[in-house]
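Asker: Generate coordinates for the sequence data below:
(chains A, B, C and D)
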There are 2 protein chains.
Amino acid sequence: MAAVDLTTHPGHLARRLQQAHYLLWNTMVSEEITSPQFAVLNALVAEPGLDQRTVGERVGLDRSTIAEVISRLGRRGLLDKVRDPQDGRRFLLRLTEDGVRTHRKLTVRTARMNQVFLAPLSAEEQSVFFDLIRRVADAAEGLRNPTEPLVAQG
Amino acid sequence: MAAVDLTTHPGHLARRLQQAHYLLWNTMVSEEITSPQFAVLNALVAEPGLDQRTVGERVGLDRSTIAEVISRLGRRGLLDKVRDPQDGRRFLLRLTEDGVRTHRKLTVRTARMNQVFLAPLSAEEQSVFFDLIRRVADAAEGLRNPTEPLVAQG
DNA sequence: ACGAATTAATCAGGGCACTGAGTATTTCGG
DNA sequence: CCGAAATACTCAGTGCCCTGATTAATTCGT
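Answerer: Down below sits the predicted model:
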């Protein structure tokens, strides 16, 4: 009797959206490389030689998850991991030839997939879609991440 | 050099949105009961006596995941599982007293959390947010789910 | 009535995501 | 210089999410 309507719950919608994306990715992009894995490849194309923690920060994966993802990409021979001679705690990451090739190939397919995924929305709606999700996600991230006391000094 | 901008990738945004939601849920709603678990409780408040597969359908969880979630809720004593006397393949699910109480308690907290989560958006923006996400998710689901050949027989 | 197809649930296996605890290395304070 | 704090990474544990294969029960066609 006191059941709520989940279609007005942003968390439920976010989960369903991600599931839908997962499915489409699998059929249109790759069954081997996942979307988070592609995000890591992409980060290392943009900034080769990043360490593990920073890559995680760039793509939004915590320390444990990024370790697993990188381990899988390493096993597939898509990236190399070398200890930083300057700082023995860090591992520096760099794509292999194969990693770069894979990233290039998937970039094309991903673009196609995004078009299909967003096809139900007009161009303006797509911009709004990005804007609204980004604002909600950023704000919620900010709640957890006290980015300095936020004082307006001056 | 050929790196793409992930903030224009709906899949990446969907993942970040869900992560943000996960965090907020943990701090504002419950550390014990997860959002998918709440969805299952909610489905059984609306329709007591559903079988496992149907609950999964209602909340958007596949056969394997729904089995795990239900097993956890059962272990916590929030629902009962009895074999359907009419059809020995099915298990009929029903919340316990404790399950109903838990659902009621979390319903209140969830509403509060949704307000905080959506606070960055105006009321109209929130409607648009729901509408756009729902349309994209539904369309993508439809791609995978050929809802009958769609013939207009006359 | 009886074998074949269908259906509900389970199991094995891979991947994502988080927390808390532990290890190794560097940095900082006295 | 040396011990304490900070930092990068690893490990153990829990939970979500999917696929493909298997098992048990029902239904359907002949």
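
Asker: Just give the closest residue to residue A:18, not the sequence neighbours.
Answerer: Distance criterion CB to CB, 6 or more residues apart in numbering or on different chains; nearest residue to residue A:18, sequence neighbours excluded, is residue B:14 at 4.3 Å. Any C-beta I mention is one placed from the backbone N, CA and C, and that applies to glycine too.

Asker: Quickly note the distance from that neighbour to residue A:76.
Answerer: Here the criterion is CB to CB, to the nearest Å. By it, residue B:14 lies 24 Å from residue A:76.

Asker: Compare the two (neighbour count), which wins?
Answerer: When residue B:14 and residue A:76 are compared for neighbours, residue B:14 comes out ahead with 27 against 15, by other CB atoms under 10 Å in any protein chain shown.

Asker: show me the contacts for the more buried one.
Answerer: A:14, A:17-18, A:21, A:133 (CB atoms under 8 Å, 6 or more residues apart in numbering or on different chains).

Asker: And the pLDDT at it?
Answerer: Predicted confidence (pLDDT) for residue B:14: 97.

Asker: Just confirm it is within a helix.
Answerer: Yes - the assignment for residue B:14 by DSSP: H, G, I helix; E, B strand; the rest coil puts it in a helix.

Asker: Now do it against DNA strand D, distance only.
Answerer: 11 Å (CB to the nearest atom of the strand, to the nearest Å).

Asker: cool, and residue A:70?
Answerer: For residue A:70, the distance to DNA strand D - CB to the nearest atom of the strand - is 7 Å.

Asker: With adjacent residues omitted, what lies nearest to that residue?
Answerer: Nearest to residue A:70 is residue A:52, by CB to CB, 6+ apart, at 6.0 Å.

Asker: ditto for residue A:66
Answerer: residue A:56 (3.5 Å).

Asker: Just the C-alpha atoms of the host helix or strand of that neighbour, please, in PDB.
Answerer: Residue A:56 is located in helix A:52-59, with elements delineated by DSSP states H and E. Provided in PDB are the C-alpha atoms of helix A:52-59 (Å, rounded to 0.1, in the frame of the first residue of the first chain):
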ATOM      1  CA  GLN A  52      47.500   4.300 -11.200                       C
ATOM      2  CA  ARG A  53      45.900   6.500  -8.600                       C
ATOM      3  CA  THR A  54      45.800   9.500 -11.000                       C
ATOM      4  CA  VAL A  55      44.300   7.400 -13.800                       C
ATOM      5  CA  GLY A  56      41.600   6.400 -11.300                       C
ATOM      6  CA  GLU A  57      40.900  10.000 -10.500                       C
ATOM      7  CA  ARG A  58      40.600  10.900 -14.200                       C
ATOM      8  CA  VAL A  59      38.100   8.300 -15.000                       C
END
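
Asker: residues making contact with it?
Answerer: Against helix A:52-59 from outside (CB under 8 Å, 6+ apart): A:36, A:39-40, A:42-44, A:47, A:50, A:61-63, A:65-67, A:70, A:90-91, A:93, B:6, B:12.

Asker: Show me just the buried residues among these.
Answerer: A:36, A:39-40, A:42-44, A:50, A:61, A:66, A:70, A:90-91, A:93, B:6, B:12 (16 or more other CB atoms under 10 Å in any protein chain shown).

Asker: from the residues you listed, which is closest to DNA strand C?
Answerer: Taking CB to the nearest atom of the strand as the measure, DNA strand C lies nearest residue A:36 of those, at 3.8 Å.

Asker: okay but that closest one is in contact with residue A:68, surely?
Answerer: No - look at residue A:36 against residue A:68 with CB atoms under 8 Å: they stay out of range, at 9.7 Å.
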